[in-house]
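Novice: just need the structure, nothing else, for what follows:
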Amino acid sequence: MQRDTFDPRRVLKQVGLPYPVTAETLVDHFSVALDRTIQLDVITGLSRAGWCGLWVLGDDNIDYLFIDAGYARIPALKAQVAAHELGHIVAGHDQSATSEGNVIALLQQTFPHLPPTVIARAAAARSTYDTPEEKEAEAFATAVMSMAAAEARRSSGATGRRAEGVLGHPLGGGRG
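Specialist: Numbering: from 1, shown residues only. So this is what the prediction gives:
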């Protein structure tokens, strides 16, 4: 049975976005909107395995979103990575269907006492972005950041302060 096509823009029209758009406001907003406990953590080492972020559904039914410390230093990039990981949740992905899901499921089943951070590091040894689920999560993140940028452009005509808040960084000023 084929599931319905995931439409990130339709979801965002229904659920909305917080302003300003930051990793933290996104996680808080979608935690409430989806009635799920979502915890955001920054860890070192994911980028060594080629990952920016990782979603782990814990045995405690908490969604753990991990963002690599290097990516977390740049607010807009941190928000993009958080949006991607939230995209897996919003799209209703079964974690076993994500690129790292089989490793995570095996570790959780075999070693239920392992904390999510250990599972995240172990799962980071594998990655691929060719799956439909990864493409959907990235489409969601792109839609989130596109809508945030559109809001920034709309509000920049006044003073630009709200635009800067939406993007989580100052407009202009040597970024590039």
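Novice: can you list the low-confidence ranges for the chain?
Specialist: Along the chain, the parts satisfying pLDDT under 70 run over 1-3, 49-50, 96-107, 110-111, 121-130, 156-176.
Novice: just the strands from it, written as ranges.
Specialist: Along the chain, the segments classed as strands by DSSP state E run 38-43, 53-57, 63-68.
Novice: for the ones you listed, give me CSV that also has distance to residue 4.
Specialist: In short, each C-beta sits where N, CA and C put it, glycine included. Supplementary listing: the strands of the chain in CSV, determined by distance: least, Cβ to Cβ, whole Å:
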stretch, distance to residue 4
strand 38-43, 23
strand 53-57, 21
strand 63-68, 22
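Novice: residue 7 is nearest to which of these?
Specialist: Nearest to residue 7 among those is strand 53-57 (20.1 Å), distances taken as Cβ to Cβ.
Novice: partners of the closest one in the sheet?
Specialist: For strand 53-57, the pairing partners within the sheet under DSSP bridges are strand 63-68 (antiparallel).
Novice: from the chain's centre, how far out does the strand it pairs with sit?
Specialist: Distance of strand 63-68 from its chain centroid, counting by Cα atoms, centre = their mean, to the nearest Å, is 8 Å.
Novice: ok, and for that strand, which residues are buried?
Specialist: Neighbour-count burial for strand 63-68 flags 63-68 (criterion: 16 or more other Cβ atoms under 10 Å).
Novice: need the longest helix for the protein.
Specialist: In the chain, with assignment by DSSP state H, the single longest helix is helix 132-155.
Novice: and the closest residue to residue 46 other than its chain neighbours, how far from residue 85?
Specialist: Counting by Cβ to Cβ, 6 or more residues apart in numbering, residue 68 is the residue found nearest to residue 46 once chain neighbours are left out, at 3.8 Å. Using Cβ to Cβ, to the nearest Å, one gets 11 Å for the distance from residue 68 to residue 85.
Novice: how about residue 146?
Specialist: Distance, residue 146 to residue 85, using Cβ to Cβ: 17 Å.
Novice: more neighbours: which of these two?
Specialist: Comparing residue 146 with residue 85 by other Cβ atoms under 10 Å, the one with more neighbours is residue 85, at 28 against 13.
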